[in-house]
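J.: Just need the structure, nothing else, for what follows:
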Amino acid sequence: MQRSFTAVLVPTMMLACSDSRRGLGMCVDSGDCPAGSICVSSACVTLCDRHQDCPPEAPACVNGWCQSGAYSHDGEACQNDAECLSNICADGVCCDARCDEPCGSCLQAATQIRNGICAPIPLAETDSDPDTAVCSGSVGCGAANCVCDGLGSAVADCKAADGEPCITAGDCASNFCECIDGPCTARRCVTAPCGSCDDSDVCTDDLCNVNGTCDHVANTSPCDDGNPCTHSDRCAQQVCGGTTYACSDGNLCTDDLCNGDGTCSFPNNASPCDDGNLCTYSDHCAAGGCTGTTYGCDDGSLCTKDSCNGDGTCNNTGSCDDVCAFSGPSGDGTIGPPAVVNCPAGKIIVSIKYARYFCGGAVCDSASGADCLANGLAAAGVDGCIGQTSCTWQNGRGCGDPCFGVYKPGALTVVCAPN
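T.: Purely as a prediction, here's the structure:
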């Protein structure tokens, strides 16, 4: 337990004075005091360099003059030099000496000698304040290897622990060095190099026996099974394996990669692909998406069906058919049967080629067109047939001919093209 105290500073009164004031030990200034003393707080006090210079009634030398008060003796707890009669606080106790040697102490627990006496730490005990310059530089040596020589100095105890590097068995605390230039081990090994004990299997510990044979003991060390789609790889029964996982983002244009730690990466690639558009070719992945070079297959003809093949080539197939129908009179001057045209299967009407009334006999001759000259008024009645597969046209009357007002026959010719 640390000792607590309260210093009461009482100047020591000197009795050697030349008048009544001096007889009472009182003073006005230091000239009123005898040699070796000064005037402090109207009293003469003794000057000092150490506690031993002071009288019993003021035993403490503090700030250069003797004072009375409570001070710790050697061996008692302290926090600084001023608390000790010895004026030395070392290792947390008042001490008879500074005791700052590497293997010196003022504590009984370290020296087996009572507190307050500076003494060497016994042989082979650990130094609490190691001399790192002494205890480093050799194989297996460091600050933790410093021990005391029993005379107050630190020396290096350079014995490496198991697993630390060694050159000879003498470097090891176990006195066993794994073969030559190996690690320290807890077991004896052959004196010749025993590289033959290495089975190159990370999942076994390779041990050398004193008779030169080897042991290969299965371990549970971390390992790498070479499969990036496993993580937490570890040895088990001499086999390296991990927990499997999968990486897939469902995108053909990215590579699905396992990172080996349970995470995934999806870098873009340039793989061939199909963007679903037949009018592109050389489709490939770019920036994580599928794209191709576009092209067109329109040959400008209504009589062909145009399509893309997806490889830069086209199909332009089919031809146009002229289909003609005759609308005859009724025979009694009334509306007769209509003209009905039907396109071949797979084709639709793309234009009206001929549509005309005739005051005489109508001729359906799409080859020569001699009687089927274009007539805008007549054709207007069948414009709605464009895009249809069939068309019906009724005979009529008009045209400004001599038989105006009489229902006349007519001819209708349409152009059918592939749909």
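
J.: How many residues are close by the residue nearest to residue 267 when sequence neighbours are not counted?
T.: In this structure, residue 267 finds its nearest non-sequential neighbour in residue 255, 5.4 Å apart by C-beta to C-beta, 6 or more residues apart in numbering. The C-beta positions use only the backbone N, C-alpha and C, and glycine is treated the same way. Residues lying near residue 255 (other C-beta atoms under 10 Å) number 14.

J.: likewise residue 52?
T.: Residues near residue 52, counting by other C-beta under 10 Å, number 11.

J.: Surely it forms part of a strand?
T.: No: assessed with DSSP: H, G, I helix; E, B strand; the rest coil, residue 52 is helix; it does not lie in a strand.

J.: how close does it sit to residue 44?
T.: As judged by C-beta to C-beta, to the nearest Å, residue 52 and residue 44 stand 20 Å apart.

J.: can you pull the contacts of the nearest residue to residue 231 once chain neighbours are set aside?
T.: Ranked by C-beta to C-beta, 6+ apart and with sequence neighbours excluded, the top spatial neighbour of residue 231 is residue 262, at 4.2 Å. By C-beta atoms under 8 Å, 6 or more residues apart in numbering, residue 262 lies in contact with 231-232, 243, 245.

J.: and those residues, which are buried?
T.: Burial by neighbour count, judged by 16 or more other C-beta atoms under 10 Å, picks out residue 231 from those.

J.: Among the contacts of residue 262, which lie within helices?
T.: Per DSSP state H, helices hold no members of those.

J.: which among the contacts of residue 262 gets closest to residue 106?
T.: Nearest to residue 106 among the contacts of residue 262: residue 232, at 54.1 Å, using C-beta to C-beta.

J.: distance of that closest one from residue 46?
T.: Distance of residue 232 to residue 46, given as C-beta to C-beta: 79 Å.

J.: Please apply the same query to residue 117.
T.: In terms of C-beta to C-beta, residue 117 sits 28 Å off from residue 46.

J.: Residue 147: neighbour count?
T.: By the measure other C-beta under 10 Å, the count of residues near residue 147 is 19.

J.: host element of it?
T.: strand 146-148 (DSSP states H and E).

J.: Shouldn't residue 240 be within a strand?
T.: Yes: applying three-state DSSP, one finds residue 240 inside a strand.

J.: Give me the pLDDT for the residue lying closest to it once chain neighbours are set aside.
T.: Among residues not flanking residue 240 along the chain, residue 223 sits closest, at 3.8 Å (C-beta to C-beta, 6+ apart). pLDDT recorded at residue 223 is 95.

J.: and residue 223, what does it touch?
T.: Contacts of residue 223 (C-beta under 8 Å, 6+ apart): 202-203, 233-235, 240.

J.: How about residue 122?
T.: Listed by C-beta under 8 Å, 6+ apart, the contact partners of residue 122 are 111-112, 148, 150.

J.: Looking at these, state which has the most neighbours.
T.: Greatest neighbour count in the contacts of residue 122, by other C-beta under 10 Å, goes to residue 148: 26 neighbours.

J.: how about the nearest residue to that one, chain neighbours excluded?
T.: Residue 148 sits nearest to residue 103 (C-beta to C-beta, 6+ apart), 3.6 Å away.

J.: what do you get for residue 246?
T.: Closest to residue 246 by C-beta to C-beta, 6+ apart is residue 229, at 6.6 Å.

J.: what lines up beside the longest strand seen in the chain in the sheet?
T.: Using DSSP state E to define each element, the chain has its longest strand at strand 347-357. With DSSP bridges as the test, strand 347-357 is paired with strand 410-418 (antiparallel).

J.: Quick one: mean pLDDT for the partner strand?
T.: Mean per-residue pLDDT for strand 410-418: 84.

J.: circling back to that earlier point, any idea how far the residue nearest to residue 267 is from residue 266?
T.: According to C-beta to C-beta, residue 255 stands 7 Å off from residue 266.

J.: Contacts for stretch 247-256 next, please.
T.: Contacts for stretch 247-256 (C-beta under 8 Å, 6+ apart): 229, 257-258, 264-269, 271, 273, 285-286, 288-290.

J.: I figured residue 382 hits residue 388, correct?
T.: No: Residue 382 lies out of contact with residue 388 (C-beta atoms under 8 Å); the separation is 9.8 Å.

J.: buried sites along stretch 95-114?
T.: Neighbour-count burial for stretch 95-114 [16+ other C-beta under 10 Å]: 95-97, 99, 101-107, 110-111.

J.: Looks to me like residue 216 is in a strand.
T.: Yes: counting by three-state DSSP, residue 216 is found in a strand.

J.: Give the bridge partners for it, please.
T.: In this entry, residue 216 is beta-bridged to residue 206, by DSSP bridges.

J.: so what's it up against?
T.: 197, 199, 201, 204-207.
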